[in-house]
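*Asks:* structure of the sequence below:
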Amino acid sequence: MDENSFISKAASPITHHSCWEAPSNIALIKYWGKVDPQLPKNPSLSFTLSTSLTKTEVEFHPTTSKKFDFSFFFAGESKPEFKPKLEKFFNRIASYTPWLSDYELKIKSENSFPHSSGIASSASAMAALSLNLMDLERQLFPDMTASFFHQKASFLARLGSGSAARSVQGPVTIWGKNESLNQSSDLYALPFGTDLNPVFKTYQDCILLVDKGVKTVTSSQGHELMHKHPFAEQRFLQATRNLSALMLIMKTGNLDAFIKIVELEALTLHAMMMTSNPYFILMKANTLAIIEKIWAFRDSEKIPICFTLDAGANVHILYPEEFKSKVNRFIKEELASFCQNGHYLKDQVGEGAKKV
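*Replies:* Predicted structure coming up:
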């Protein structure tokens, strides 16, 4: 399916209201580096989360002026500072949603987790907004299939935030053309499929909030620095190879092999940040302290616990559900003190976005 497949027809406007929840996701194979329009330089694979989500409500009102407009509210407050990013998104999707020019939108959004803290808030936010847009398009064109609905929602979300493509479905999604999944595409993400090993369907993710502040370097800025990065091409090849290996692991349930690839990917992501020009570091001292604690706990308790990192200081602890009580005790007794104000979020792999 190419871009032209997602170009919609115009349609007479209707009044519509919808509300969707879309989860954040945590990449196991990292996407770092892109080209316009929001296309990845390497494929990625992620866990879709469950309770770390964005809830977005949209009111669609026909406009008599034939001029598209919108207002945006976050956590109950008007947020005009978010408007430029949203305007850029709406401009990008205009050719795919020509019916949108006949509407005024009132968008109300809220997160279940701290904004701009290394959890993929832009991913869940853009996915939730795109699902609301598709909710209206499905009303306008009721013959739409469920498959097309999800693929176009992922396609639109990608144009707002690349990783948002992976926040529409679950429990594991793949984004980016690769040889391990025949239908894979750079344009949208797809679910892993029915042969996912059961252990990964209930995998746990505890997010240790080392730093809840705004990052010094945004993900968009980090992606830009990959264009002239001396190790970029090797990194893209590494990610592609790691994805192929992880695809097999996700079927067999080999947790030792899972841990090696997931942790390597996390550290490689931050190595790319530290070797770009200009270089930067998003990990904090407590990030490293937590990693060392996890390694020691895994070695002593023989529990298949591992970490991953997004583009920030926070640590995601990943482990099978059967070890939940032991790992929760370890987090409470040994890791919580490294978190900002002792805060951490308990989450697990989820099924994807849902209408509310």
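
*Asks:* what sits up against the helix-or-strand element of the chain with minimal mean pLDDT?
*Replies:* One helix or strand of the chain scores below all others by mean pLDDT, DSSP states H and E: helix 219-224, with a mean of 92. With CB atoms under 8 Å, 6 or more residues apart in numbering as the test, helix 219-224 has contacts from 32, 33, 34, 122, 162, 273, 276, 280, 311. Where you see a C-beta, it was placed from the backbone N, CA and C, and this is true even at glycine.

*Asks:* swap in stretch 57-68?
*Replies:* Under CB under 8 Å, 6+ apart, the answer for stretch 57-68 is 13-19, 69, 90, 100-109, 129, 132-133, 136.

*Asks:* for it, buried residues please.
*Replies:* When neighbours are counted by 16 or more other CB atoms under 10 Å, the buried residues of stretch 57-68 are found to be 57, 58, 59, 60, 68.

*Asks:* what's the domain layout of the protein?
*Replies:* According to automatic domain parsing, the chain comprises the domains 3-196, 201-348.

*Asks:* out of these, which one sits most buried?
*Replies:* Counting by mean count of other CB atoms under 10 Å, domain 3-196 has the highest mean neighbour count of the domains of the chain, with a mean of 20.

*Asks:* where do the helices of the protein begin and end?
*Replies:* 83-93, 121-140, 146-160, 219-224, 232-252, 255-274, 285-301, 324-330 (DSSP state H).

*Asks:* in JSON lines: those, plus distance to residue 211.
*Replies:* Formatted as JSON lines, those follow (distance: least, CB to CB, whole Å):
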{"stretch": "helix 83-93", "distance to residue 211": "22"}
{"stretch": "helix 121-140", "distance to residue 211": "14"}
{"stretch": "helix 146-160", "distance to residue 211": "24"}
{"stretch": "helix 219-224", "distance to residue 211": "15"}
{"stretch": "helix 232-252", "distance to residue 211": "25"}
{"stretch": "helix 255-274", "distance to residue 211": "14"}
{"stretch": "helix 285-301", "distance to residue 211": "8"}
{"stretch": "helix 324-330", "distance to residue 211": "21"}
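
*Asks:* residue 210: which of the ones you listed is closest?
*Replies:* helix 285-301 (4.8 Å; CB to CB).

*Asks:* pLDDT on the closest one, on average?
*Replies:* For helix 285-301, mean pLDDT is 98.

*Asks:* just checking, what packs against it?
*Replies:* strand 306-309, strand 315-319, helix 324-330 (3 or more CB pairs under 8 Å, 6 or more residues apart in numbering; DSSP states H and E).

*Asks:* so which of those is nearest residue 42?
*Replies:* Of the helices and strands packed on helix 285-301, nearest to residue 42 by CB to CB is strand 306-309, at 16.3 Å.

*Asks:* give me the below-cutoff pLDDT ranges for the chain.
*Replies:* 114-120 (pLDDT under 70).

*Asks:* may I have the longest strand belonging to it exported as CSV, CA atoms only?
*Replies:* What stands out as the longest strand in the chain, according to DSSP state E, is strand 44-62. Listed next in CSV are the C-alpha coordinates belonging to strand 44-62 (Å, rounded to 0.1, in the frame of the first residue of the first chain):
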residue,chain,number,x,y,z
SER,A,44,11.9,-0.6,14.8
LEU,A,45,9.9,-2.9,17.1
SER,A,46,8.1,-2.0,20.3
PHE,A,47,6.0,-3.1,23.2
THR,A,48,2.7,-1.3,23.3
LEU,A,49,2.0,-0.2,26.9
SER,A,50,-1.3,-0.4,28.8
THR,A,51,-1.8,2.4,31.4
SER,A,52,0.7,5.0,30.1
LEU,A,53,-1.6,6.6,27.7
THR,A,54,-3.1,9.8,26.2
LYS,A,55,-6.8,10.3,26.2
THR,A,56,-8.0,12.7,23.5
GLU,A,57,-11.5,14.0,22.9
VAL,A,58,-12.4,15.8,19.7
GLU,A,59,-15.5,17.8,18.8
PHE,A,60,-16.0,18.2,15.0
HIS,A,61,-18.2,21.1,14.0
PRO,A,62,-18.9,22.1,10.4
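
*Asks:* mind starting the numbering at 515 from now?
*Replies:* Happy to do that; since the first residue is 515 now, the last one works out to strand 558-576.

*Asks:* for that strand, the distance to its chain's centre please.
*Replies:* The chain centroid and the centroid of strand 558-576 are separated by 10 Å, computed with CA atoms, centre = their mean, to the nearest Å.
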